[in-house]
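**Student:** build me a structure from this.
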Amino acid sequence: MDSNFLPDDLNAVIRQHSEWLATQLHAQRESLFPPDAAKQMRRFTSGEAAALLGVNDSYLRKLHLDGKGPSPEMTKANRRLYSAADIQSLRVLLEKNARKPGDYLPGRRDGDHLQVIGVMNFKGGSGKTTTSAHLAQRLALTGYRVLGIDLDPQASFTALHGVQPEYDLPDGGTLYDAIRYVDPAPIASVIRKTYIPNLDLIPGNLELMEFEHETPRALSQGNAGLFFFRVKEALAQVDDEYDVVVIDCPPQLGFLTMSALSASTGVLVTIHPEMLDVMSMSQFLRMTADLMDVIAQSGADMSHDWMRYLLTRYEPTDAPQNRVVAFLRTMYGDKVLNAPMLKSTAISDAGLTKQTLYEVERSAFTRTTYDRAMESLNAVNDEIAGLIRQTWGRP
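**Tutor:** Have a look, this model is predicted:
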C-alpha cells in the first residue's frame, strides 16, 4: 500500500511540520540579517531624509556643510546617506530653532491625550497587518513616539519587525503578560525597542489565546471584573511615554478585540473592495455594534475620537472594485479615507523577506512600481496622521 495513503497520527504530523517550518524560518532570518539575526533600518538618501523632515534638500546640505547635526555617510559618488537615528537627531536640532513648537516634533503637547488606533476586521486578507506595520513605521519616521502592539496570535506584525515568536518568545513577553488575571506583569516589562528610532514593540504569539480561554473562566468565577478595560489599564502605565499606539487586532471579535476596542481612541477598519469582503464587513459591523452595546451597558464610555474605513489592495483598473468603492463612498461619505492603499507587487515582494516597503531599497524594484506604492502608502498614513492632529486641535 502506498505510504502516502497510510493513516497518520495527525497530532504528530502537525507538530513535526510546525517544527520544520519554524527551523526553516529561523534559518532564513539568520541568512537575511547576519551576523546576529537582528534587523537594521536601511539608510535614506538626502532627498528622502529631507522629505521626512519637511525641509529642502539644499537646506539639509547646508546644515551638513556648516557642521550642524550628525555627519551623514558619504558614498563614492559623494551622495549623502542618513540613518533613521541621524534623521531623528536632525529633527531635534531643527525643533530647537523652529518658528513654532511642533514644526519638526509633531507629537503630544500638554493637554493632548494618547492616541490609540485599533486596526481591525475579522476577515483575513483585508490588509490589516500590512496597514498596521506601515502606519506605525511612517508615524515613527515622521517624529511621533509610537508603540506598536501585536494582539494577533498569528504574530505577523511581530515577524515584520524582526522577532520570530517560536524562537524569541519562549517564555512569554506578549501583552498577555500585562493583562492576564493572575499576577499581571508591568507593561514596561514586555516593551522592546526596535531598529527604528521612536518605534517600540510589544510582540505577539500564540500565548495571547490564553486571554480568550481564561476570560470565560474568570467571568464565571466573578474574577474578571471589567475585563474589557484590561488593555486600557495596562496602557495607562506608559501613557506619558508615547504619542500614538497602533494595535494590530486579531481577525476575530473575541475578548482581545473587545478589550482593544475599549482602549482605542481611533478605529481603522480595513476593507478589500470586493463584494464578498463587504458582505463579511456587514456582519463584522453588526456584531461589533452589539458587543459595544453590551460593554456600554456595563458602564464603559465607548465614544471614540474617530472611526474610518480604509480601502486596501485596491486596483484602480478593476471595474467591479470601482463599483464597490463608489458604493462605499456613497454610503459612508467622509468616513472612508480619501486615500486608498493600492495593491502593489512592491509591498508583496517586501513581505517575502519580512520587511515593509519603508525598509526596502528603491533599487530593489522598478522605479515606477516603487514610487507608485510609496506614494499610496504615504498618502494613507499621512491622512491618518492628520486625523491625529485634528484630535489634538491642530491644523
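**Student:** and residue 232, how many residues sit next to it?
**Tutor:** Using other C-beta atoms under 10 Å, the number of residues around residue 232 comes to 18. No exception for glycine: its C-beta is placed from N, CA and C like everyone else's.
**Student:** my guess is it is in a helix, correct?
**Tutor:** Yes: counting by DSSP: H, G, I helix; E, B strand; the rest coil, residue 232 is part of a helix.
**Student:** now it. Nearest residue, chain neighbours left out?
**Tutor:** Sequence neighbours aside, residue 263 is the residue nearest to residue 232 in space, at 3.9 Å (criterion: C-beta to C-beta, 6 or more residues apart in numbering).
**Student:** that neighbour: what's it in contact with?
**Tutor:** 116, 118, 229, 231-232, 235, 247 (C-beta atoms under 8 Å, 6 or more residues apart in numbering).
**Student:** a markdown table for those residues, including distance to residue 53?
**Tutor:** Shown next, in a markdown table, are the contacts of residue 263 (distance: C-beta to C-beta, whole Å):
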| residue | distance to residue 53 |
| --- | --- |
| 116 | 26 |
| 118 | 29 |
| 229 | 39 |
| 231 | 33 |
| 232 | 34 |
| 235 | 29 |
| 247 | 28 |
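**Student:** how many neighbours does residue 155 have?
**Tutor:** Other residues near residue 155 come to 24 when the count uses other C-beta under 10 Å.
**Student:** brain fart, residue 193
**Tutor:** Neighbour tally, residue 193, other C-beta under 10 Å: 9.
**Student:** quick check: closest non-adjacent residue to it.
**Tutor:** residue 200 (5.9 Å).
**Student:** which SS state does the one you found fall under?
**Tutor:** strand.
**Student:** need the pLDDT of residue 9.
**Tutor:** pLDDT, residue 9: 61.
**Student:** could you give the mean pLDDT of stretch 348-366?
**Tutor:** Here the average pLDDT along stretch 348-366 is 90.
**Student:** go on, stretch 325-343?
**Tutor:** On average, the pLDDT along stretch 325-343 is 94.
**Student:** stretch 128-145 too?
**Tutor:** Mean predicted confidence for stretch 128-145 is 97.
**Student:** what of stretch 159-178?
**Tutor:** On average, stretch 159-178 scores 90.
**Student:** over to stretch 101-120?
**Tutor:** 94.
**Student:** gap between that stretch and the chain center?
**Tutor:** In terms of C-alpha atoms, centre = their mean, to the nearest Å, the centre of stretch 101-120 is found 16 Å from the chain centre.
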